[in-house]
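Q: This is a predicted model, with the sequence first.
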Amino acid sequence: FFENKDHPARKLFDLIAKTSMTWLDVVNRDEKLYSSIVNIVSDISDNSDNGSQALQTGYEETNRLLQTLIKKAESIERRQIDIAKGKERLDLARTRAEETIDNLISGRVLTPYTKSMLLNSWADVLMLTELRHGNESSTWRSMEETTECIIAAGVVSTEGIHHKPALELTARIQESLQMV
């Protein structure tokens with residue numbers, strides 16, 4: 001049967017050899033698959049009277065198990081790719097938020113509280129806004145305008161802190177920070 005690639009015994013042998021390559025690391029081996037293969041081999045051994053029908057059944061069952069493993073591996077790979085893409089989008093949004101704040105702050109002296117709030121919590125607001133709406137959306141432009149207002153309100157002038165009527169700004173900040 002070794003010379004005939006279509007013989008059920010040869011096909012079963014090839015498939016078990018291929019599948020068993022994943023068992024090299026016994027610590028991480030798939031016990032469910034391993035016990036299923038052991039059961040298939042036992043069934044073939046116990047039903048050796050049926051000859052090639054037992055081998056064909058064993059081949060089909062082993063192949064079904066292998067296809068299940070392949071689908072599981074593909075699913076895990078897709079999830080890993082989605083996670084990597086999501087992390088990349090998050091990093092890009094974080095970088096854009098930080099760059100936007102840095103550009104708007106440039107050349108201005110802010111109160112320590114304002115600068116800290118912008119670089120921490122407010123950067124999260126901008127990041128989430130980009131992820132949810134995009135950096136070309138009207139929501140992004142509105143958040144950018146709010147950022148400019150926060151900066152203007154927190155600029156230290158020669159007379160001290162520049163106080164501007166801030167009720168509307170405070171409401172916009174509180175509403176935006178609820179996203180975080």
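A: Cool, got the structure. Numbering: from 1, shown residues only.
Q: all strands of the protein, in order?
A: Along the chain, counting by DSSP state E, strands occupy 156-157, 160-161.
Q: Which one of those has the poorest average confidence?
A: Per-stretch mean pLDDT for the strands of the chain is lowest at strand 160-161 (a mean of 46).
Q: In contact with Thr146, which residues?
A: With contact taken as C-beta atoms under 8 Å, 6 or more residues apart in numbering, Thr146 is in contact with 169, 172-173, 176. Any C-beta I mention is one placed from the backbone N, CA and C, and that applies to glycine too.
Q: By neighbours, which of those wins?
A: Among the contacts of Thr146, Ser176 has the most neighbours (other C-beta atoms under 10 Å), with 22 neighbours.
Q: what stretches of the protein score poorly on pLDDT?
A: 1-3, 17-30, 45, 48-51, 156-168, 170-171, 180 (pLDDT under 70).
Q: So which residues of it form helices?
A: 8-20, 31-46, 52-105, 112-117, 123-133, 138-154, 167-177 (DSSP state H).
Q: Single out the most deeply packed of the ones you listed.
A: When you average the neighbours per residue for each of the helices of the chain (mean count of other C-beta atoms under 10 Å), helix 123-133 leads with a mean of 19.
Q: tell me which strands and helices that one is in contact with?
A: Judged by 3 or more C-beta pairs under 8 Å, 6 or more residues apart in numbering; DSSP states H and E, the packing partners of helix 123-133 are helix 52-105, helix 138-154.
Q: Could you dump the ones you listed into TSV with distance to Leu119 added?
A: Formatted as TSV, the helices and strands packed on helix 123-133 follow (distance: least, C-beta to C-beta, whole Å):
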stretch	distance to Leu119
helix 52-105	6
helix 138-154	11
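Q: so which of those helices gets nearest Thr114?
A: Between Thr114 and the helices and strands packed on helix 123-133, the tightest spacing by C-beta to C-beta is seen for helix 138-154, at 2.8 Å.
Q: Fine, thanks again, bye for now.
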